[in-house]
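>>> return atomic coordinates for the entry below.
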Amino acid sequence: MSFTQKLDAYERLMRLDKPIGILLLLWPTLWALWIAGDGKPSPFLVWIFVLGTVLMRSAGCVINDYADRNFDGHVERTRRRPLATGEVSTKEALWLAAALAATAFLLVLLLHRLVVELSFVALFLAASYPFTKRFFAIPQAYLGIAFGFGIPMAFAAQLYAIPPIAWLLLAANIFWAIAYDTEYAMVDRDDDVKIGIRTSALTFGRYDVLAVMLCYAITLALLVAAGQILRLGIAFHAGLFAASLIMVYHYSLIRGREKAACFKAFLHNNWVGAAIFAGIAADYALRPMGYVPVH
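You can find the predicted model right below:
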């Protein structure tokens, strides 16, 4: 295999060719950065968290494929992944994951000590998530914690503390993750049954569509509560309304449980996160001078 082919295999192993995971991880982090920074977060912190998100999501994908290396070859959607095809060895994958995590940790060292301490929890969550599919009935909830842990880290970086609102935002992200990753799991339902993987799509069974929509509703309710606490106004609620319309559109996609439509709904969650962020950013931008922030 040539050097160029090897780099291509590494890129696919890190899923850099499929940035949806980066976006789903990044949006909640940006929500937190904008709220913690009262609409004007430090550009340095934004740069650190964006780069850190790319690095840790890439490391998480490598660890996930390492954990699933004996399963991916039996699933239609994953059988061409580099570890499953042998393009990348298990040793190379471990070294790559370690290098990505180490680079992310070097970035964290530039921040407050509390962020450094939280980074160890974040690393544990990212490394352990792939194995939860063996025994958790709803591993998507664990994914929501892992994907949303940038929220308390963002508050810690900006405020040197983690206010209660951070945990409320994390709770909202957990339910959002259950919703979108259940849509993702609906694509692989048949293969997951064969190989013995646990997913929310299997746990919810014939109530999977209802569960997705209920999780969306809880996500919105928690964000509305956060908005009330933060005294966010019409722009924020307009963003939530736009997100709710997108969620209703997802219902039209997943109600037939067709694989392609379910996967489309999963990918489309990028716009849910973007709509919520747009509402937050616009609300802070429109606030009058002298407004006293609430955290």
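>>> check contacts around residue 32.
150-152, 154-155, 166, 169 (CB atoms under 8 Å, 6 or more residues apart in numbering). Every C-beta, even on glycine, is put in place using the N, C-alpha and C of the backbone.
>>> quick one: the helices in the stretch 51-200 of the chain?
For the stretch 51-200 of the chain, applying DSSP state H, counting those that start in this stretch gives helices covering 82-85, 90-108, 113-132, 139-148, 150-159, 164-187, 189-195, 200-204.
>>> now mean neighbour count too, for those helices, in TSV please.
Shown next, in TSV, are those (neighbours: other CB atoms under 10 Å):
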stretch	mean neighbour count
helix 82-85	20
helix 90-108	16
helix 113-132	18
helix 139-148	24
helix 150-159	25
helix 164-187	23
helix 189-195	14
helix 200-204	21
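>>> quick one: closest of those to residue 275.
When these are compared by CB to CB, helix 164-187 sits nearest residue 275, at 11.9 Å.
>>> per-residue confidence averaged over that closest one?
Taken as a whole, helix 164-187 has a mean pLDDT of 96.
>>> now, which of the contacts of residue 32 sits nearest residue 46?
Distances from residue 46 to the contacts of residue 32, taken by CB to CB, are shortest for residue 154, at 9.5 Å.
>>> pull up the gap between that closest one and residue 286, please.
22 Å (CB to CB, to the nearest Å).
>>> just to revisit the earlier point, turn the helices of the stretch 51-200 of the chain into JSON lines, columns for distance to residue 248.
What follows is the helices of the stretch 51-200 of the chain, written out as JSON lines (distance: least, CB to CB, whole Å):
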{"stretch": "helix 82-85", "distance to residue 248": "36"}
{"stretch": "helix 90-108", "distance to residue 248": "36"}
{"stretch": "helix 113-132", "distance to residue 248": "29"}
{"stretch": "helix 139-148", "distance to residue 248": "21"}
{"stretch": "helix 150-159", "distance to residue 248": "26"}
{"stretch": "helix 164-187", "distance to residue 248": "13"}
{"stretch": "helix 189-195", "distance to residue 248": "23"}
{"stretch": "helix 200-204", "distance to residue 248": "19"}
